[in-house]
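Novice: I'll drop the sequence and a predicted model, then ask my questions.
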Amino acid sequence: MSKQDNVPKNPASWLLGKLATSLERIGAESLYYLEQAGRMGIFLFACLLNAIRPPYKLFPIVRQIHFIGYRSIFVILFTGTFTGMVLALQGYYTLRKFGSEGLLGSAVALSLLRELGPVIAALMVVGRAGSAICAEIGIMRNSEQIDALECMAIDPYKYLMAPKFIAGIVSMPILTFVFDVAGIMGGYVVGVSMLGVPGGTYFQEMYRSVVWADVEMGLVKSLVFGLLIIWISAAKGYFLHLERSGGFGAEGVSRTTTSAVVLASVAILVWDYLISAILL
Amino acid sequence: MSYNETMSFAEGLMVNSPQKNIAIELIDVDRSFGNQQVLKKINLVVEEGTTTVIVGASGQGKSVMLKHMLGLLKPDNGQVLVYGQDLAQLRKAQLKEVRKDYGVLFQNVALFDSMNIFDNVALPLRERTEASETEIRANVEEKLALMDLDGVNEKYPAQLSGGMKKRVGLARALVMNPRIVFFDEPTTGLDVSKSNEIYRLFHRTQKRLQYTAVIVSHDVPKIFKLADRVALISDGIIEGSMSPEEFQLSDNPTICAFVRETMGPIYCSADEEKFIHETV
Ligand SMILES: Nc1ncnc2c1ncn2[C@@H]1O[C@H](COP(=O)(O)OP(=O)(O)OP(=O)(O)O)[C@@H](O)[C@H]1O
Ligand SMILES: [Mg+2]
């Protein structure tokens, strides 16, 4: 019975109607994303402006570096070591096929410096600090603490955001460096101590093949990723109340934090490709 | 009419002399959330140095109206003028200048929940003045003592009772000696003697600092002793803005009903009720 009702009388107009609604939906959807992108862009601009504009307060920046950078060191050391170890293991079996196990050191170092160091370190920081930043700002937004700041004539961009941005941009290259060093050491342990590559060769090949451009690429990536992480997670929290799915209460914060982590991770991988493509 | 009320009536007459400047003016303010129109053509004038009390049943738009005066919400139509400046037209920096004169207590207090009480109250001093840490300590402790809050400096907002949070919020709102204060239900959740104490404090500080006050309160009729003007908001419409004496004797049916409901006896028998309805 109801199936009968659903059969359109005039298929052409029915199809046109469907088309119109889906076009409408696509339009609304694009507008939403456009609006969101605009908001995020203005947010980034305001944050960076406030980060470079005096007065500078050292203590909040140090606190944020402590949180974003220092407190991430352990997890970075740990993941870095294991990444280096698995690189050495896999690299050794591949290189052995061509009889060039001697190149292991340079293979490990190049993969780490150019690619895996910045990317994995950034992904770890997203999980550790990005989610925390998003949740913190989101809860402040939800409980009107950001409104309270504004009403006290304290600029949230200056007071809350600027120290986080500075700390993110400063911490990320250092964390990446730590990750790289840990990875090279991990590779050494597996390659030299376990698989028998001569220790001298491991480092010699590394010195020979690594050039400044490799270091530079890693540095550029880590700076960009640091900015991306803080930008996306802080902005998601800051605009929690404008979330389309509704940023209400504990669930709103958790949903937004999840989406910030996903978005930041995707952005890191996309930008990783873009920077590689530009710098290569 | 008690002695006190007569006194405040006389003061009301003096304060409302015509040479007063207008501090805040709402002109035909409309505001909707979705399809619910919360404010309907609100007009209100708050004269400098006077206390305006806004009363009304729960959910009638008092807090929303206050947020318009704070510049946190923008009207759909109409204007909110603070010292002649339309808040919606101001740039961020200008709005910040306006808010430097503000002292705000939110209905949910909105204390910074990851800072201790001392830091909460000290924040505006630290961020907006060059005061030394000793001066800040003296000032903050004086304000906390005024609110009868001793020995809570190191506690966090989550460790305080509801009424204590309110009082911390008041201390924070008053710490910069504001020119205009906005209190959203300052004594809700306080016991009678504490709220009397707060009213006395308001009276004293208002005399001393001559600030302009906008107070939302359910504490009728007690709050009337503080009021130079009382405005009733009902269903998004302001029903007159008049002295408390006029308010209590008004023949506007909405105000009449409100006065009877809030100041008349409760829990009366059907006979008594009939009697009241016939006589009032
Ligand atoms: N952000 C918002 N989104 C949607 N509706 C809102 C929002 N803020 C307030 N409202 C609605 O506006 C109306 C007035 O709310 P408001 O908070 O001003 O009430 P109130 O007069 O302060 O009440 P109370 O005395 O209980 O605090 C309510 O119906 C509320 O649902
Ligand atoms: Mg309210």
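Specialist: That came through fine. Ligands and ions are numbered 1, 2, ... in the order given.
Novice: for residue A:244, phi and psi?
Specialist: The phi and psi values for residue A:244, taken as degrees, to the nearest 10, are phi -70, psi -30.
Novice: mind listing what it touches?
Specialist: With contact set as Cβ atoms under 8 Å, 6 or more residues apart in numbering or on different chains, residue A:244 has these partners: residue A:32. For every residue, glycine as well, the C-beta is placed using N, CA and C.
Novice: okay, and residue B:173 sits in which element?
Specialist: Residue B:173 belongs to helix B:162-174 when assigned by DSSP states H and E.
Novice: give me the buried positions along that helix.
Specialist: Using 16 or more other Cβ atoms under 10 Å in any protein chain shown as the test for burial, helix B:162-174 gives B:163-174.
Novice: quick one: the helices in chain B?
Specialist: Listed in chain order, the helices of chain B (DSSP state H) span residues B:3-15, B:62-70, B:92-99, B:117-128, B:133-146, B:162-174, B:192-209, B:244-249, B:253-263, B:270-279.
Novice: helices or strands next to the second one in the packing?
Specialist: The contact analysis (3 or more Cβ pairs under 8 Å, 6 or more residues apart in numbering or on different chains; DSSP states H and E) places helix B:62-70 against helix A:145-151, strand B:22-33, strand B:36-47, strand B:51-55, strand B:77-82, strand B:180-184, strand B:212-216.
Novice: quick one: residues in contact with that helix.
Specialist: Residues contacting helix B:62-70 (Cβ under 8 Å, 6+ apart): A:147, A:151, B:24, B:26, B:29, B:31, B:38-39, B:42, B:44, B:54-56, B:73-75, B:80, B:82, B:87, B:99, B:102, B:104, B:107, B:182, B:184, B:214, B:216, B:233.
Novice: can you add mean pLDDT and distance to ligand 2 and give the helices of chain B back as a markdown table?
Specialist: Listed next are the helices of chain B as a markdown table, based on pLDDT from 0 to 100; distance: least, Cβ to the ion, whole Å:
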| stretch | mean pLDDT | distance to ligand 2 |
| --- | --- | --- |
| helix B:3-15 | 48 | 25 |
| helix B:62-70 | 95 | 3 |
| helix B:92-99 | 94 | 20 |
| helix B:117-128 | 95 | 21 |
| helix B:133-146 | 94 | 24 |
| helix B:162-174 | 92 | 13 |
| helix B:192-209 | 88 | 17 |
| helix B:244-249 | 89 | 20 |
| helix B:253-263 | 85 | 16 |
| helix B:270-279 | 68 | 29 |
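Novice: before we move on, back to that, what's the angle from the helix holding residue B:173 to helix B:133-146?
Specialist: Interaxial angle, helix B:162-174 versus helix B:133-146 (axes from the mean of the first three to the mean of the last three Cα atoms, to 10 degrees): 130 degrees.
Novice: neighbouring contacts of helix B:162-174?
Specialist: Helix B:162-174 has contacts (Cβ under 8 Å, 6+ apart) with B:103-106, B:109-111, B:117, B:120-121, B:123-124, B:140, B:143-144, B:146-149, B:152, B:157, B:160, B:181-183, B:186-191, B:194, B:198, B:205.
Novice: was I right to think residue A:150 contacts residue B:99?
Specialist: Yes. Counting by Cβ atoms under 8 Å, residue A:150 touches residue B:99, with 7.0 Å between them.
Novice: what do those two both touch?
Specialist: residue B:71.
Novice: ok, residue A:258 to residue A:251 distance?
Specialist: 11 Å (Cβ to Cβ, to the nearest Å).
Novice: show me where the stretch 151-280 of chain A has helices.
Specialist: For the stretch 151-280 of chain A, the helices defined by DSSP state H, counting those that start in this stretch cover A:156, A:162-188, A:199-209, A:212-238, A:249-279.
Novice: among the contacts of helix B:62-70, which are in reach of ligand 1?
Specialist: B:38, B:56, B:107 (Cβ under 6 Å from any ligand atom).
Novice: got the contact list for the first one?
Specialist: Taking Cβ under 8 Å, 6+ apart, we find residue B:38 in contact with B:31-32, B:61, B:64, B:236.
Novice: residue nearest the centroid of chain B?
Specialist: Central residue of chain B (Cα atoms, centre = their mean): residue B:215, 1.5 Å from the mean position.
Novice: who's in contact with the nearest residue to residue A:161 once chain neighbours are set aside?
Specialist: Spatial nearest neighbour of residue A:161, chain neighbours left out: residue A:47 (4.4 Å); criterion: Cβ to Cβ, 6 or more residues apart in numbering or on different chains. The contact partners of residue A:47, by Cβ under 8 Å, 6+ apart, come to A:157, A:161-162, A:165, A:231, A:234.
Novice: turn these into a markdown table, columns for distance to residue A:194 and neighbour count.
Specialist: Putting the contacts of residue A:47 into a markdown table (distance: Cβ to Cβ, whole Å; neighbours: other Cβ atoms under 10 Å in any protein chain shown) gives the following:
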| residue | distance to residue A:194 | neighbour count |
| --- | --- | --- |
| A:157 | 51 | 20 |
| A:161 | 46 | 25 |
| A:162 | 47 | 25 |
| A:165 | 42 | 23 |
| A:231 | 41 | 23 |
| A:234 | 43 | 26 |
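Novice: with pLDDT added, can I get the residues you listed in TSV?
Specialist: Converted to TSV, the contacts of residue A:47 look like this (pLDDT from 0 to 100):
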residue	pLDDT
A:157	95
A:161	95
A:162	95
A:165	96
A:231	97
A:234	97
